[in-house]
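J.: From the sequence below, what's the structure:
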Amino acid sequence: MFALRIDRAPSEDPAWLVLGTSSASWTRGSLRFVLTNLGMGGRQLLASPNIVEPIVTGLGSGRLWIALPIPGDRAFLGADSFVQRISSDPAANAPELTWSNGGHGVLGIRA
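T.: Purely as a prediction, here's the structure:
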C-alpha cells in the first residue's frame with residue numbers, strides 16, 4: 001500500500017493528485033513543464049502524470065491521507081515516486097487551478 005499525507009490544503013475544494021515515476025520527463029517532453037501558455041503563469045508540472053487521482057481534503061482540516069494499492073512485488077522496493085497536487089481555485093487564474101510544490105518519496109517496507 002502506498003500511503004501519502006497532504007497538509008495545509010484548501011478544504012473541500014475539488015483537487016487531483018498527480019503521481020508519477022519521474023521528475024525529469026513525461027510523454028510530452030521534459031519536466032518542470034511550464035504552464036504559462038495554458039493560462040497558469042508561474043506554475044509548473046513537476047511530476048510525470050502516470051496516475052491522476054481525484055481527491056477531496058477533509059472537512060476544514062486541510063489534511064488528507066491517500067492510500068493506493070501497490071502489487072506485493074519486491075521489485076518495487078526502492079522505486080522513486082513523485083507527487084503534486086492540483087487544486088480548484090476560481091480566483092487563481094483563467095483555468096481556475098493552482099499547483100502545489102512537488103514531492104518525492106521512495107517505496108519501501110513500513111515496519
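J.: Buried residues of the strand ranked longest in the chain, list them for me.
T.: Counting by DSSP state E, the longest strand found in the chain is strand 80-88. Buried residues in strand 80-88, counting neighbours by 16 or more other Cβ atoms under 10 Å, are found at 81-87. Heads up, the C-betas are built off the backbone N, CA and C, glycines and all.
J.: Which other helices and strands does it contact?
T.: strand 2-6, strand 14-20, strand 97-99, strand 103-106 (3 or more Cβ pairs under 8 Å, 6 or more residues apart in numbering; DSSP states H and E).
J.: how far does stretch 90-100 sit from the chain's center?
T.: Chain-centre distance of stretch 90-100: 15 Å, with Cα atoms, centre = their mean, to the nearest Å.
J.: Can you list the neighbours in contact with it?
T.: 9, 35, 38-41, 43-46, 84-89 (Cβ atoms under 8 Å, 6 or more residues apart in numbering).
J.: Looking at the buried residues of strand 80-88, spot the one nearest L4.
T.: V83 (6.4 Å; Cβ to Cβ).
J.: Who are the contact partners of the closest one?
T.: 4, 17-20, 47, 102-105.
J.: Give me the three-state assignment for P95.
T.: Per DSSP: H, G, I helix; E, B strand; the rest coil, the local secondary structure of P95 is coil.
J.: Could you count how many residues lie near it?
T.: Residues contacting P95 under the criterion other Cβ atoms under 10 Å number 14.
J.: just L64 next, same as before
T.: When neighbours are defined as other Cβ under 10 Å, L64 has 18 of them.
J.: Look up the residues forming beta bridges with it.
T.: Beta-bridge pairing of L64 under DSSP bridges involves I6.
J.: List only buried entries from the contacts of V83.
T.: Here, 16+ other Cβ under 10 Å leaves 4, 17-20, 47, 102-103 buried among the contacts of V83.
J.: So for S61, what's the pLDDT?
T.: Looking at S61, its pLDDT is 68.
J.: residues contacting the spatially closest residue to I109 that is not a sequence neighbour?
T.: Spatial nearest neighbour of I109, excluding adjacent residues (Cβ to Cβ, 6 or more residues apart in numbering): L77 at 6.9 Å. For L77, the contacting residues are 107-109, by Cβ under 8 Å, 6+ apart.
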